[in-house]
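A.B. asks: this one's structure only:
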């Protein structure tokens, strides 16, 4: 019987993997602490307030993670300019019409489960790439609203850069509400993202899930023969 | 500040005439300088200005409002505050407090506008309705908007007193039937100070006026046009219950044990964390108390749109517009995540079915590889 030959492709370089896991951890920590800050646990205690600081600590963790969150997204944006072809902006930002026709193909094949040929790609498929672009925008909404509220408590210039934010929305209240709703969008993203990782891993068997640990995916020999998937979406000049 | 052309008594002369001693005067100067956040040398500046500057002419207009701003002002902790500014000599026109009425009152305003063109301070209490040509607020047969435009033309500076003038307050909340509009949207090209609050603290109002007199210019303003000296801190950040917040000790309902212990009111809807005001520091009624101290959460009365923000003064989690009254952000979020999870589960089942046909081939291939290795 003829067996499939697979080849190792180095897809995710270490800065991409490093970003992914730190960013994921930040979202988790920020989400949990943020939810608790919005709706704190009911605690009955005989202890004096001076002996306790759990809510202050919770907020500290939230703010500290927020700085890391901002740092790694900036790092990832830099890497989108200098990294390999799977890390580049062209994977995320739809600039060519081709991007949309590929999105259509992904929707038919993976979402609607129609019997159409797979748009074989090594890196992100077009729809996933676009979703990460929106995730980046959401990240900025969270950074701007979050630091906008935080600026008031800080004397450092970095958060102070965002101090104009509440004025734009006529006060802190709406800023807080947007920040709170953003948390739920992250929650929805996590559910879809996790599912699709397992879906692709199970359906295609190319090591989708482990690729974010090792950096490698496994592609069939035939893919190299027609080369489209390995080349796309390389930038014309690069 | 250039001396005002027409010869008038200074603030100090006025006060001495009214029977205040120099000691009273100095106490007032010290107090107000402290409220304004000046350093100790600032006391001399305030004293000097009040002794040498003739009074600044003031026109005080009342539109869509409840006069709580005026009430707050004349009840500020030091009686001199009311005397110094609100007394009939110092105030050229104000509907609620002036002795004159009808033609005489209108004449007084016209005279001030003419004699002190470019010198007087225009204080506006209340919002201005703009729907139906402004018929919802008319004084002496003229619409509020008309009066405002005319008086603002010759004003040196405009002060918007209270939330009505700063953001429209209750009459501008949804659905805003009269088109109540805050002052800054109607007047352009004049220095404008917003002093929000429902009402603002009396000492804050006095501090803003004394700042104008002392330094001859408007105080430093923040991003939304409020004096930084009074509105740069959140009520939350100057709250005496803040240690309970940091300790995570919260009132769960108004009649519980935690409420009796004076814990933080965050979970029963206190808007202190999103409200900029000086209540926690200056307090009210001669520094006696303020809402949080008396056991009620801050309602955020100095913030724009505080009537429409969220559904209630007593809930923490915001309600979301367009989803009905009882739908909090968290309820909608939970439903959204649940629906996504259900969709994902359905997709998982469907995709497993699609893959089913391929299973036999993959299994045979896998087994063949195992044999080859052995």
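C.D. replies: Now that the structure is in, tell me what you want to look at. Here the structure is a predicted model, which is why all the values come from computation and not from measurement.
A.B. asks: show me which residues of the stretch 151-300 of chain B sit near chain A.
C.D. replies: Near chain A, the residues belonging to the stretch 151-300 of chain B are B:167, B:222-224, B:233-234, B:237, B:243-250, B:252, B:257-258, B:266-267, B:271, B:273-276, B:300 when assessed by CB under 8 Å from any CB of the partner chain. C-beta here means a position set from N, CA and C on the backbone, and glycine is covered the same way.
A.B. asks: the residue of chain A most remote from its centre: what secondary structure?
C.D. replies: Ranked by distance from the centre of chain A (CA atoms, centre = their mean), the top residue is residue A:46, with 42.7 Å. What DSSP: H, G, I helix; E, B strand; the rest coil gives for residue A:46 is coil.
A.B. asks: from the residues of the stretch 151-300 of chain B next to chain A, which would you call buried?
C.D. replies: B:167, B:222, B:224, B:233-234, B:243-250, B:252, B:258, B:266-267, B:271, B:273-276, B:300 (16 or more other CB atoms under 10 Å in any protein chain shown).
A.B. asks: returning to that earlier point: please tell me how far the residue farthest from the centre of chain A sits from chain B.
C.D. replies: Residue A:46 sits 10 Å away from chain B, going by CB to the nearest CB, to the nearest Å.
A.B. asks: likewise for residue A:17?
C.D. replies: Taking CB to the nearest CB, one finds residue A:17 at 25 Å from chain B.
A.B. asks: give the contact list for that residue.
C.D. replies: When contacts are counted by CB atoms under 8 Å, 6 or more residues apart in numbering or on different chains, residue A:17 is found next to A:212, A:213, A:215.
A.B. asks: kindly report the same for residue B:317.
C.D. replies: Residues near residue B:317 by CB under 8 Å, 6+ apart: A:38, A:39, A:180, B:328, B:329, B:330.
A.B. asks: which of those residues lies closest to residue A:23?
C.D. replies: Comparing these against residue A:23 with CB to CB picks out residue A:180 as the nearest, at 20.2 Å.
A.B. asks: hmm, that closest one is touching residue A:38, no?
C.D. replies: Yes: assessed by CB atoms under 8 Å, residue A:180 is found in contact with residue A:38 at 5.8 Å.
A.B. asks: just the closest residue of the stretch 251-374 of chain B to chain A, please.
C.D. replies: residue B:333 (3.2 Å; CB to the nearest CB).
A.B. asks: tell me, how many residues neighbour that residue?
C.D. replies: Residues near residue B:333, counting by other CB atoms under 10 Å in any protein chain shown, number 20.
A.B. asks: secondary structure element holding it?
C.D. replies: Using DSSP states H and E, residue B:333 sits within helix B:329-373.
A.B. asks: how distant is that helix from the center of its chain?
C.D. replies: Here the centre of helix B:329-373 is set off from its chain's centre by 55 Å, with CA atoms, centre = their mean, to the nearest Å.
A.B. asks: who are the packing partners of that helix?
C.D. replies: Contacts of helix B:329-373 with other secondary structure elements, assessed using 3 or more CB pairs under 8 Å, 6 or more residues apart in numbering or on different chains; DSSP states H and E, are made with helix A:172-204.
A.B. asks: got the buried residues for the helix it packs on?
C.D. replies: A:172-187, A:189-191, A:195-196, A:199-200, A:203-204.
A.B. asks: out of the residues of the stretch 151-300 of chain B next to chain A, which are inside helices?
C.D. replies: The helices, defined by DSSP state H, take in B:167, B:243, B:244, B:245, B:246, B:257, B:258 from these.
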